[in-house]
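> Here is a sequence together with a model predicted from it:
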Amino acid sequence: MKIVFRVDSSFTIGTGHVMRCLTLAGQLRQRKADSFFVCREMEGNVISLIREQHFPVFTLPEVEDRRVLQWYERNWERDARETLSLLERHLDSADFLVVDHYGLDEKWESRMKPFAKKLMVIDDLANRRHDCDILLDQNYVFRYRERYKDLVPPGCRQLLGPGYALLREEFFRAPRRVRNGEIRNILVFFGGSDPTNETEKALEALVRLEDPPAVHVVVGAANPKKKRIEEICGSYPHLFFHCQVSNLAELMNEADLAIGAGGTATWERLFLGLPALIVVVAENQRELAEAVSAFGAAVNLGWSREVTPEKIFHEISRLREDPEKVRAMAERAGELADRDMVKTYPVLRAMMGEGR
């Protein structure tokens, strides 16, 4: 079985799209499927990370990162043409073409469909039409079961909600802790690139705490501020710096509270019952942050431009004085993550044609 992933990463796009595709590719590898990636060269990409996991990558010519989504609006035909040309040089055909890209829609998908037997879209915006056989949106937002009703063909199989979350094996192996609400260990993780530099903002708040907890700071290799963040961590004995880790589940499991964005790591935190302060750094994170906060599994601090170190400091201070609230958040987080369903690999099974 041959699977082709069309996905990009950059300082602007972030790394979350690639990371969830890598998770799915890893699951497919366990079923003896061969996965290939098609990625456009852009500043801040993590193509090397894909290759490190021994997946072939076919690269498209570079475009300017800052205006990348506008570029795709005007040049989707060029991208389809370049992608198809690239694939035809290397592969005869594919069983599945998986598209995880906010810049592509039904026009691009229709053009590419003849290359693959089936086409699958991974999305979480529900803001454009798709021409696909399977659509995956793992997010929990208000009325999530109805989001794509008029955006996909009648025969499209929709995989919607937390039960379809794509998680790496390390999260399945990690036993979920029962937290008592005390905050002795805080995890700071804002994804692979952290384009708005929320990590440094959080650290500015955390170093002001009296009787400070241990703080584990995780950054990705694509983070342009990683050297600066490492220097800050080196100045305080209770700050611990980690870069491009392979044990994120372990670090999350050891933490009592997380501070992070509202992207793909949200489901990793929920799966392990880890309460969080969420900073919204992109429009696609807003609805999820609001819904998870309303459920009682996290605190939504709002848009990054409105979140100051002072706001983070006061919220952490308030939670440290209210362990019962933190304990309740941990319980709610565990309730929201559909652990039993996720562990059955439902996305993989849908691609393999198993069950409905």
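Noted; the coordinates are in hand.
> When you work out contacts or count neighbours from here on, use the C-alpha atoms and nothing else.
OK.
> measure the most centrally placed residue in the chain to Leu187 for me?
By Cα atoms, centre = their mean, the chain has its centre lying nearest to Thr264, at 2.3 Å. Thr264 sits 16 Å away from Leu187, going by Cα to Cα, to the nearest Å.
> For the longest helix along the chain, enumerate the helices and strands it packs against.
Ordering each helix of the chain by length in residues (DSSP state H) puts helix 68-90 first. Applying 3 or more Cα pairs under 8 Å, 6 or more residues apart in numbering; DSSP states H and E, one finds that helix 68-90 makes contact with strand 57-60, helix 106-112.
> what's the closest of these to Glu82?
Smallest distance to Glu82 across those (Cα to Cα): 7.1 Å, for strand 57-60.
> Contacts for that closest one next, please.
Residues from elsewhere that reach strand 57-60 (Cα atoms under 8 Å, 6 or more residues apart in numbering): 36-41, 47, 50-51, 82-83, 86.
> Now the buried members of these.
Listed as buried from these are 36-41, 47, 50, 83; burial here means 16 or more other Cα atoms under 10 Å.
> Now tabulate those in CSV and tack on secondary structure, distance to Arg208 and pLDDT.
What follows is the buried ones among the contacts of strand 57-60, written out as CSV (DSSP: H, G, I helix; E, B strand; the rest coil; distance: Cα to Cα, whole Å; pLDDT from 0 to 100):
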residue, secondary structure, distance to Arg208, pLDDT
Phe36, strand, 47, 99
Phe37, strand, 44, 99
Val38, strand, 45, 99
Cys39, strand, 42, 99
Arg40, strand, 42, 97
Glu41, coil, 40, 95
Ile47, helix, 38, 98
Ile50, helix, 38, 98
Thr83, helix, 50, 98
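> remind me which residues of this protein are low pLDDT?
For the chain, the stretches with pLDDT under 70 are 355-356.
> How is it divided into domains?
Following automatic domain parsing, one finds the domains of the chain at 2-165+340-351, 170-337.
> any idea which of the ones you listed is most buried?
Counting by mean count of other Cα atoms under 10 Å, domain 170-337 has the highest mean neighbour count of the domains of the chain, with a mean of 19.
> Pull up the distance across it, start to finish.
16 Å.
> Which SSE is immediately downstream of the longest helix of the chain?
Next along the chain after helix 68-90, taking DSSP states H and E as the criterion, comes strand 94-100.
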